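Peer 1: fold the following, please.
(one chain, ligands or ions: 2)
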Amino acid sequence: MRRFQSLIVKIVLVTIWCLSLFFLLRKTDSISSDGTDLKDLNKLYEKIDGLIKENSLLKKANENNKNHGNSDLKSLEEKLQLCKRSQLLNKGSSLEKQNNNDLITDQILQPYENHDQQTRIILNDVVEIGYSLSTEFRNLKKTMTPETLDEALVRLEQQRKTIEIDIEDLRQSTESNRRSKAEKLNDLVKRRIEYLQNPSDCGSSQQLLCKLNKGCGFGCQFHHLIYCFMIAYGTQRTLVLDSKNWRYNADGWETIFQPVSDTCTVAANHPVNWKGEQYNKNDQVVLLPIVDGLNNRPPYLPLGIPEDISDKIIQLHSDPSAWWVGQFARYLWRPQQWLLDDMAETKRKLDIEKPIVGIQVRRTDKINTEAAFHNVEEYMEHVEAWYDKLALRRLKEGNTDPLVRRVYVASDDASVLPEARRKYPSYTFYGDVDIANSASLNQRYSKISLRGVIMDIHFLSNCDYLVCTFSSQVCRVAYELMQTEDRSIQQHPLFHSLDDIYYFGGQTAHNLEVRYDHEASPRLKEIELKVGDLVGIAGNHWDGQSKGVNRRTKSGGLYPSYKVLEKYELVKYPVYPQVPIEK
Ligand SMILES: Nc1nc2c(ncn2[C@@H]2O[C@H](COP(=O)(O)OP(=O)(O)O)[C@@H](O)[C@H]2O)c(=O)[nH]1
Ligand SMILES: [Mg+2]
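Peer 2: Ligands and ions are numbered 1, 2, ... in the order given. The predicted model follows:
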């Protein structure tokens, strides 16, 4: 009897707790404008009204017939549990809302409801491709002809693409969540840069002076600006740009792009040469040399990323180092209105639509000095692979609309566009032979050539996928500009480079961490790896093997690319507490 009474008391208490929690949450919860939350709340009200009625009925029943009360009690207990659960769920979603607003502390990306099922599909995919591989190899051992070999490759390649599609489907489930977080992160960095660049009193602010006129091409000069900007950001000095007598346009940067500051465009004092962050502490204006001549290098250099937001960047972005470079690239890349109009008009004239893949074919002065020659077919192989996968995806989704395979061609060689059109008639190519001509060596350092390279970078960076040689700074700038766009959240990878991996001239060491042991095969000129070793990467051969130096054993050579993971360098950049995390 006492147990029964105490149970009743407990139930009443739980009901009261449940109701107060509910009303408390109701007060603090934001209600969405589309009314969905409101509907849910109304349903909860009804449930709770029902519970109150049932509770009083039960009390009566307890007085009238104690034995019958047991079954009612059970159902009431169940309902109270339900109420508790729904309140907890409600609490969960409001916490999630809170966390969504807290860029720094929120760690969890909710997996979607079919997450486990989809991961099983992918695991099966991998098991199946394992079966296929051993069967194909066994068959090839019996009869290996060029035909059977090609057939096996085609079949395996198609199967591999389906695995990619299945993984992409899994990623799609968290896409909107990732996208909104990525936007917030972009916005935070942008506001921090704006704060740095617009001091209220330019006359007394500390500044870093950067001369645009590095003796190289536009991509290289643009990277020089990014390097200056990163050090300006790291040392909390406003970047001041000196672009007088720019080799591409004597009128300077500001006639093409917006100035890097609204309030501080001229150095406030005579500059002092860079001696090192600490040595220049009390100097108001410091002139930064090109990276090749930089002494006492500060830590604020690519490929490092800012420590305070590193978790988020690594969680959200497939190439965190390029993303960080991309933040400065995007801030610098703010064309003047006439150029924006020109870009829009050129797009309209070319009639560019999506999906579209961009290729950049760097030739002329680059070949056999800084890079090897690559023919159009080498680029198109990767373009075809990208479209073949898209075609498979569309089949899977039941989309039978004809797939137009579009390619934007950027080059400093005017023969590339007509050659591509001739060799690949089923593709639609976009590009401008005049632009390519203007990039030839005898016309390169002119305003018209500048317009051309800017257009090419603009259209390349707006493509869905890039195929190029990362040895070219032109393509790397396009890739960096992609980092702040939604595509960097939707797709991985965003590019295929025919030569180098992503790098930044003057960067700090690029290390990777070993995650699987590896026994070196002398036949393949490989190096030994042990879990936890650091490997300094020299390049990816894009054939499953990469080249590098094991920092522990000091030996250099090849190793399987999949056995290592990026080891990001976390740099203590200032966190700009004056700038709120959320707007
Ligand atoms: N329009 C256009 N110009 C290019 C292209 N590739 C190279 N150029 C020109 O050649 C210069 C090469 O500059 P640089 O920044 O040193 O890049 P990299 O030599 O390719 O690493 C560019 O700035 C352009 O003026 C291209 O695809 N399109
Ligand atoms: Mg160059």
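Peer 1: quick one, phi psi at the residue in the chain positioned nearest to ligand 1?
Peer 2: Closest contact between the chain and ligand 1, by Cβ to the nearest ligand atom, is at residue 217 (1.9 Å). C-beta coordinates here come from the backbone N, C-alpha and C atoms, glycine included. When read as degrees, to the nearest 10, the backbone of residue 217 gives phi -80, psi 180.
Peer 1: ok, it - contacts?
Peer 2: The contact partners of residue 217, by Cβ atoms under 8 Å, 6 or more residues apart in numbering, come to 444, 453, 473, 474.
Peer 1: now, of these, which are buried?
Peer 2: With burial judged by 16 or more other Cβ atoms under 10 Å, the buried subset of the contacts of residue 217 is 444, 453, 473, 474.
Peer 1: also within reach of ligand 1: list those from those residues.
Peer 2: Among the buried ones among the contacts of residue 217, proximity to ligand 1 is found for 444, 453, 473, 474 (Cβ under 6 Å from any ligand atom).
Peer 1: show me these that map onto helices.
Peer 2: If you go by DSSP state H, these have 453, 473, 474 in helices.
Peer 1: show me what contacts the first one?
Peer 2: By that I understand residue 453. Residue 453 sits next to 217, 218, 219, 435, 439, 474 when contact means Cβ under 8 Å, 6+ apart.
Peer 1: could you identify the most distant pair in the ones next to ligand 1 among the buried ones among the contacts of residue 217?
Peer 2: For those, the maximum inter-member distance is 13.6 Å, found between 444 and 473 (Cβ to Cβ).
Peer 1: follow-up on the earlier one: for the ones next to ligand 1 among the buried ones among the contacts of residue 217, point out the one with the lowest pLDDT.
Peer 2: Here the lowest pLDDT out of those sits on residue 444, with 95.
Peer 1: can you tell me the closest non-neighbouring residue to it?
Peer 2: In space, residue 444 comes closest to residue 217 once its chain neighbours are excluded; the distance is 7.3 Å by Cβ to Cβ, 6 or more residues apart in numbering.
Peer 1: now do residue 404
Peer 2: Distance criterion Cβ to Cβ, 6+ apart; nearest residue to residue 404, sequence neighbours excluded, is residue 428 at 5.9 Å.
Peer 1: my guess is the one you found meets residue 407, correct?
Peer 2: Yes. Taking contacts as Cβ atoms under 8 Å, residue 428 lies within contact range of residue 407: 7.2 Å.
Peer 1: where in this structure is pLDDT low?
Peer 2: 1-113 (pLDDT under 70).
Peer 1: so which bits of it are right by ligand 1?
Peer 2: 216-220, 360, 362, 366, 410-412, 435, 439, 444, 449, 452-453, 456, 472-474.
Peer 1: gap between the residue of the chain closest to ligand 1 and residue 367?
Peer 2: Distance of residue 217 to residue 367, given as Cβ to Cβ, to the nearest Å: 14 Å.
Peer 1: same check, this time on residue 459
Peer 2: In terms of Cβ to Cβ, residue 459 sits 23 Å off from residue 367.
Peer 1: okay, those two: which has more neighbours?
Peer 2: Between residue 459 and residue 367, counted using other Cβ atoms under 10 Å, residue 459 has the larger neighbour count: 24 against 13.
Peer 1: could you confirm the more buried one falls within a helix?
Peer 2: Yes. Residue 459: assigned to a helix according to DSSP: H, G, I helix; E, B strand; the rest coil.
Peer 1: which stretches of the stretch 101-250 of the chain form strands?
Peer 2: Remark: strands assigned in the stretch 101-250 of the chain by DSSP state E, counting those that start in this stretch are 207-211, 238-242.
Peer 1: in contact with residue 328, which residues?
Peer 2: So residue 328 contacts 193, 225, 226, 229, 230, 233 (Cβ under 8 Å, 6+ apart).
Peer 1: go on, residue 487?
Peer 2: Contacts of residue 487 (Cβ under 8 Å, 6+ apart): 464, 494.
Peer 1: how near is it to residue 404?
Peer 2: Distance from residue 487 to residue 404, counting by Cβ to Cβ: 19 Å.
Peer 1: stretch 275-287: which residues count as buried?
Peer 2: 277, 280, 283, 284, 285, 286, 287.
Peer 1: how about CSV for those residues, with secondary structure added?
Peer 2: Converted to CSV, these look like this (three-state DSSP):
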residue, secondary structure
277, coil
280, coil
283, coil
284, coil
285, strand
286, strand
287, strand
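Peer 1: my guess is residue 499 contacts residue 468. True?
Peer 2: No. At 9.1 Å, residue 499 does not count as touching residue 468 under the criterion of Cβ under 8 Å.
Peer 1: any chance you could map the helices in the stretch 151-300 of the chain?
Peer 2: 175-197, 218-234 (DSSP state H, counting those that start in this stretch).
Peer 1: so which of the ones you listed is the most surrounded?
Peer 2: helix 218-234 (a mean of 23; mean count of other Cβ atoms under 10 Å).
Peer 1: elements contacting that helix?
Peer 2: helix 175-197, strand 207-211, strand 238-242, helix 320-332, helix 447-461, helix 473-482 (3 or more Cβ pairs under 8 Å, 6 or more residues apart in numbering; DSSP states H and E).
Peer 1: could you check the angle that helix makes with helix 175-197?
Peer 2: Taking axes from the mean of the first three to the mean of the last three Cα atoms, to 10 degrees, one finds helix 218-234 and helix 175-197 inclined to each other by 80 degrees.
Peer 1: heads up, I number from 420, so please use that
Peer 2: From this message on, residue numbering opens at 420, which makes the last subject helix 637-653.
Peer 1: relative to strand 626-630, how tilted is helix 637-653?
Peer 2: 170 degrees.
Peer 1: mind exporting helix 637-653 as CSV, just the C-alpha atoms?
Peer 2: Extracted as CSV, the C-alpha positions of helix 637-653 are listed here (Å, rounded to 0.1, in the frame of the first residue of the first chain):
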residue,chain,number,x,y,z
PHE,A,637,49.8,37.4,-62.1
GLY,A,638,49.3,34.2,-60.2
CYS,A,639,52.6,34.5,-58.6
GLN,A,640,52.0,38.2,-57.7
PHE,A,641,48.6,37.3,-56.3
HIS,A,642,50.2,34.7,-54.1
HIS,A,643,52.7,37.3,-53.0
LEU,A,644,49.8,39.4,-51.8
ILE,A,645,48.3,36.5,-50.0
TYR,A,646,51.5,35.8,-48.2
CYS,A,647,51.8,39.5,-47.2
PHE,A,648,48.1,39.4,-46.0
MET,A,649,48.6,36.3,-43.9
ILE,A,650,51.6,37.8,-42.1
ALA,A,651,49.7,41.1,-41.7
TYR,A,652,46.8,39.1,-40.1
GLY,A,653,49.2,37.1,-37.9
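Peer 1: that helix versus helix 866-880: what angle between them?
Peer 2: Orientation check (the same axes, to 10 degrees): helix 637-653 against helix 866-880 gives 70 degrees.
Peer 1: got the angle between helix 637-653 and helix 892-901?
Peer 2: On the basis of the same axes, to 10 degrees, helix 637-653 is oriented at 50 degrees to helix 892-901.
Peer 1: separation between the closest residue to residue 684 other than its chain neighbours and residue 753?
Peer 2: Nearest residue to residue 684 in three dimensions, chain neighbours excluded: residue 678, at 5.2 Å (Cβ to Cβ, 6+ apart). Using Cβ to Cβ, residue 678 is found at 9 Å from residue 753.
Peer 1: and these two? Which one has more around it.
Peer 2: residue 678 (17 against 12).
Peer 1: I'd say the more buried one and residue 662 touch.
Peer 2: No. Counting by Cβ under 8 Å, residue 678 does not reach residue 662; the two are 9.6 Å apart.
Peer 1: quick check: neighbours shared by those two?
Peer 2: What both residue 678 and residue 662 touch, as defined by Cβ under 8 Å, 6+ apart, is the set residue 672.
Peer 1: among the helices of the stretch 570-719 of the chain, which is nearest residue 539?
Peer 2: Of all the helices of the stretch 570-719 of the chain, it is helix 594-616 that lies closest to residue 539, at 20.7 Å by Cβ to Cβ.
Peer 1: before I go, just wanted to say thanks for your time.
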